[in-house]
Structure formats: structure tokens, C-alpha cells
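> Need coordinates for the following:
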Amino acid sequence: MKVQELLQGKIDLERTRLVRHNLTNPIVLTNYQNGLLEFYQSIQSEKRFRNTDMIISFLGTEGTNAVFQGCYQVGGYVPFKEVTRPEGLANVGDEADDCVFYELTKTDLLADLKDRLV
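The predicted structure follows:
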């Protein structure tokens, strides 16, 4: 069964994005290990989540496998340079200053499948 089938009728799939954070990326790996994956995924270009109500987040493991991390409601955003960066945040680079920080609120949708749905 595909994740889209699990979500059918529960959310507007046309306004939902699937997001995959690949653990082979050292920045992603460090932020994941430091418990900052949710903060890290909030840093995006201004257009990334435009016309998006929800993101479904996955952690890329081996090959094309990905493990479900959660469903997040997309809210507003502020310029990233105005956000206090938490200790332990892996270097996101100077280009992040041109990004925004989205308000992403974790929902209970499919919460029982976290770290189980591949």
C-alpha cells in the first residue's frame, strides 16, 4: 500500500508534498542525530511550500528506501535570518540567509506509523 492510499480522503493530496531527507547528506545526518530534523526541514526557499497545506516527511535510508517521520501542517513563514538558530544545528550555509523558516506543526495523522512505514 502506498502512503497516498493511506491518506486518501483525509487530506487534499493536491496541496500536499512528500519530503525526503537523505541520510547520506552529512548535514541531514548531523541534524537528525542532534534531534534537529524538524527545525532543519523548516528552512526552505520562499516558494518551496507555496500552495501547500501539508508535508509528509520521510528519512531517506538505503537506496530509494525512506522511513516515515510525520505529517506537518504548513503555516506561515519568516525570513530565516530572523530566527534564532539552535545549538547543534549543522551548517546550513550562507545561502540559508536567503531562505525562510516555515511554521510546520506536526499532526497526529499516521502518527502510529512513525519509523515503521517504509
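> Name the single longest helix found in the protein.
Criterion DSSP state H: the longest helix present in the chain is helix 26-33.
> isn't residue 58 right up against residue 23?
No: Residue 58 is not in contact with residue 23 according to Cβ atoms under 8 Å; the separation is 10.7 Å. Any C-beta I mention is one placed from the backbone N, CA and C, and that applies to glycine too.
> between these two, who's got more neighbours?
Of the pair residue 58 and residue 23, residue 58 is the one with more neighbours under other Cβ atoms under 10 Å, namely 20 against 15.
> Work out for me the element the more buried one sits within.
Element membership of residue 58, judged by DSSP states H and E, is strand 54-60.
> got the angle between the helix or strand following that strand and helix 26-33?
Elements were assigned by DSSP H and E; along the chain past strand 54-60, the next helix or strand is strand 66-79. Calculated by axes from the mean of the first three to the mean of the last three Cα atoms, to 10 degrees, strand 66-79 forms an angle of 100 degrees with helix 26-33.
> Contacts for the helix or strand just after strand 66-79, please.
Remark: after strand 66-79, the chain's next helix or strand is strand 100-106, criterion DSSP H and E. Contact with strand 100-106 is made by 38, 41-46, 48-49, 55, 70-80, 82-83, as judged by Cβ atoms under 8 Å, 6 or more residues apart in numbering.
> now swap in stretch 14-22 and tell me
Residues from elsewhere that reach stretch 14-22 (Cβ under 8 Å, 6+ apart): 3, 7, 28, 32, 37, 40-41, 49, 51-60, 66, 69.
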